[in-house]
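Peer 1: Would you be able to build a 3D model of this:
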Amino acid sequence: MTIVATSGVRPPEASRRSYETGWWGIWVVIATEATVFACLLAAYFFVRATSPDWPQGGIKPPDLSRISLFTVVLLASSIPLFWGESAIRRGKVGALRVALLVNFVMGLVFILNQVLEYRELEFRLSTNAYASLFIVITALHGLHVVVGLCMNGVVQLKARLGWFNAERHLTVSVFSLYWHFVDVVWIFVFSSLYLSAHLT
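Peer 2: So this is what the prediction gives:
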């Protein structure tokens, strides 16, 4: 007669399968989203290469002073996650909660600046190809940051409820991977849409 375990503890084999599913799942998402951004940035540079002036229609290149500051804020928001992941591997849930909160605040500050930036834009989505690409690409990235903030909220809730310990913290690792991806994408977006617009 076969005895079926009914306890809530998963066997090691199930834990490894869960880890692989979550880990590879987020990498599939990252690969898909990276392709989308690569196509949009390729379209941006194609339109730029075929335009006699850039930005089109006499639009001024985006100001770099404020966005550079908030770029530093966004990129630096990965630092608390590195610290938080290191802490939870040692079973320090309190440190993880602090790291997640700091990351959330920094990401939220970046999004609030993007909202202000949109309110100050002198063009609309329908103005020309440059305007359309600028707004679509930055808005898509902003959407990814908002999704990351929502994920952060869920991870914070799980941390508060005691879901994580030194052995069980896959959700933290998956979220951190996603957030680091969002940061890396911004490096390309910032370099392409902001910095390169000032190069003749």
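
Peer 1: Residues touching stretch 44-59, excluding its own?
Peer 2: Residues outside stretch 44-59 that contact it (Cβ atoms under 8 Å, 6 or more residues apart in numbering): 61, 122-123, 127-131, 133-134, 137, 192-193, 197. In this view, the C-beta of every residue, glycine as well, is placed from N, C-alpha and C.

Peer 1: Can you pull the poorly scored residue ranges out of the chain?
Peer 2: 1-20, 200 (pLDDT under 70).

Peer 1: let's go with 90 and repeat that
Peer 2: 1-24, 199-200 (pLDDT under 90).

Peer 1: Let me know the secondary structure of Asp53.
Peer 2: Here Asp53 is recorded as coil under DSSP: H, G, I helix; E, B strand; the rest coil.

Peer 1: before we move on, back to that, widest-spaced pair of the contacts of stretch 44-59?
Peer 2: Greatest spatial distance among the contacts of stretch 44-59 (Cβ to Cβ): Glu122 and Ser192, at 19.9 Å.

Peer 1: Those two: which has the busier surroundings?
Peer 2: Shown here are Glu122 and Ser192; by other Cβ atoms under 10 Å, Ser192 has more neighbours (20 against 9).

Peer 1: Distance of the more buried one relative to Leu40?
Peer 2: For Ser192, the distance to Leu40 equals 9 Å [Cβ to Cβ, to the nearest Å].

Peer 1: ok, now Val93?
Peer 2: Distance from Val93 to Leu40, by Cβ to Cβ: 39 Å.

Peer 1: Just the buried ones from the contacts of stretch 44-59, in PyMOL syntax?
Peer 2: Only the buried entries of these go into this PyMOL selection, using 16 or more other Cβ atoms under 10 Å:
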select buried, resi 123+127+128+129+130+131+133+134+137+192+193+197
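
Peer 1: ok, so of the contacts of stretch 44-59, who is nearest Glu33?
Peer 2: For the contacts of stretch 44-59, the nearest to Glu33 is Ile137 (12.5 Å; Cβ to Cβ).

Peer 1: ok, now which ones touch that closest one?
Peer 2: Phe37, Leu40, Leu41, Tyr44, Val189, Leu193.

Peer 1: which one of those residues is nearest His144?
Peer 2: The closest of the contacts of Ile137, once distances to His144 are taken by Cβ to Cβ, is Phe37, at 9.0 Å.

Peer 1: Please look at that closest one and Ile187 and confirm they touch.
Peer 2: No: checked against Cβ atoms under 8 Å, the pair Phe37 and Ile187 is beyond contact range at 11.1 Å.

Peer 1: Looking at those two, which has the bigger crowd around it?
Peer 2: Phe37 (20 against 12).

Peer 1: Just the element for the more buried one, please.
Peer 2: Element membership of Phe37 [criterion: DSSP states H and E] is helix 12-49.
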